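**Q** the following comprises the amino acid sequence and a computationally predicted model.
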Amino acid sequence: MGVILGIDIGGSSTKIVGLHENGTVIDMLRVKAEDPLTSLYGALGNFLATHSLKLTDIGHIALTGVGASYVDGDIYGVRTVKVEEFPSVGVGGLALSRKERAVVVSMGTGTSLLWAEKGGEIRHIIGSGIGGTLSGLSELITGVHQYALIRKLCQDGDLSQIDLTIGDMSKGKVGTLPPEATAANFAKLAEDATSADKMRGLVNLVLQAIGTMSVLACRTCGTNTVVLTGALTMLPPAHETFELFTQLYGVEYIIPENATFATAIGAALYSVREDG
C-alpha cells in the first residue's frame, strides 16, 4: 500500500503527516500558508526530501481543509483523495486521545464542534467564527498579530487588570460559581494595563467562549469528554482555562500530544477506513 500522506491545507498553515501501512506515524510537518498550492507543494517536497522518499513510495495522499478545494486531480501522478474536514477532525481527535467517543473541538481559524464515535457517527454540532479572531483583535488592541508573539506576550499578562470576577462583586460564591470565575471579560480594564495584560485578556476571552460552547455541546450529546485540537491548543493559558471549566462543570478536557495535527492525521486514517 505504501506510505499514506494526510495533508490539511488550512487558512493559516498546512500540516502534513506521513503514516506507515499499519497506521503508525512517520513524522509531522507544518508550513506557513502563503497560498494553498504553494504551501501544499512546499510541505510535500519538504517531507519527501527529509525522509528520502520517492513519489513511488507513496500509496496515496489524503487532502482535507479549506485549501483542498484548490486542488484538482492527482498530485504528481499519486492517487489523491479528498476527505471532508469534519470527519478528519473527528477521526483525528479520537485517534490522538484514544477515546471511543467524545465531543471533538477544532480550534483554528474558526471553531468547529463535532460529535465523534470511533468507527461510527461523526456529525457537526455547531461552529463559531471565534478562533482566528484572536489575531485580528490582538492587532487592533496591542499591535501584535503574529501567533508566536501572541503566545509569548500572553504568558506575562495579569487577568486581574482586565477581567471582572465574581470575587470582585461578592464576598462569597454566586450559586456554584467560585470567586475566581469570570463575571465579565474586559469589564475591569485598568488604565495602566500593559500589552501583556490585554493579550492575556483576549486569549482568555476566546478560550472561555470555546469552553462555554463545548460544555453546551456535551449537554446536548450526553457526554462529559471533550477533545481539543487545533492551533489554539498551543496557547500557554489553555490548560489553566479548561481546568477551571472542569471544576465548574465536571467536563473532562483532553489536549492530546500533537493536537495541531489532528485533522491531517484524521484525513489519512479516514481515507484508509473508507478504502476498506
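**A** Looks like it came in fine. A quick note: this is a predicted structure, and the numbers were derived from the prediction, not measured.

**Q** so where do the helices sit in the stretch 1-150 of the chain?
**A** Listed in chain order, the helices found in the stretch 1-150 of the chain under DSSP state H, counting those that start in this stretch are 36-50, 85-97, 133-142, 147-154.

**Q** okay, the shortest one in PDB with CA atoms only?
**A** Included here for helix 147-154 are C-alpha records, laid out as PDB according to Å, rounded to 0.1, in the frame of the first residue of the first chain:
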ATOM      1  CA  TYR A 147       0.800  33.900  16.500                       C
ATOM      2  CA  ALA A 148       4.200  33.200  18.000                       C
ATOM      3  CA  LEU A 149       4.300  36.700  19.600                       C
ATOM      4  CA  ILE A 150       0.700  36.300  20.900                       C
ATOM      5  CA  ARG A 151       1.700  33.100  22.600                       C
ATOM      6  CA  LYS A 152       4.800  34.800  24.100                       C
ATOM      7  CA  LEU A 153       3.100  38.000  25.200                       C
ATOM      8  CA  CYS A 154       0.100  36.500  26.900                       C
END
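
**Q** now that helix: buried residues?
**A** Burial within helix 147-154, assessed by neighbour count using 16 or more other CB atoms under 10 Å, is assigned to 147, 150-151, 153-154. All C-beta atoms are positioned from the backbone trio N, CA, C, and that covers glycine.

**Q** go on, stretch 85-93?
**A** Buried, per 16+ other CB under 10 Å, within stretch 85-93: 85-93.

**Q** with respect to Gly129, which of those is nearest?
**A** Checking the buried residues of stretch 85-93 against Gly129 by CB to CB gives Glu85 as the nearest, at 15.5 Å.

**Q** show me the contacts for the closest one.
**A** 64-66, 106, 112, 263 (CB atoms under 8 Å, 6 or more residues apart in numbering).

**Q** let's see that with 6 Å instead.
**A** Neighbouring residues of Glu85 by CB atoms under 6 Å, 6 or more residues apart in numbering: 64-65.

**Q** do the same with the one 3 residues further on
**A** Ser88 is in contact with 64, 263, 266-267, 270, counting by CB under 6 Å, 6+ apart.
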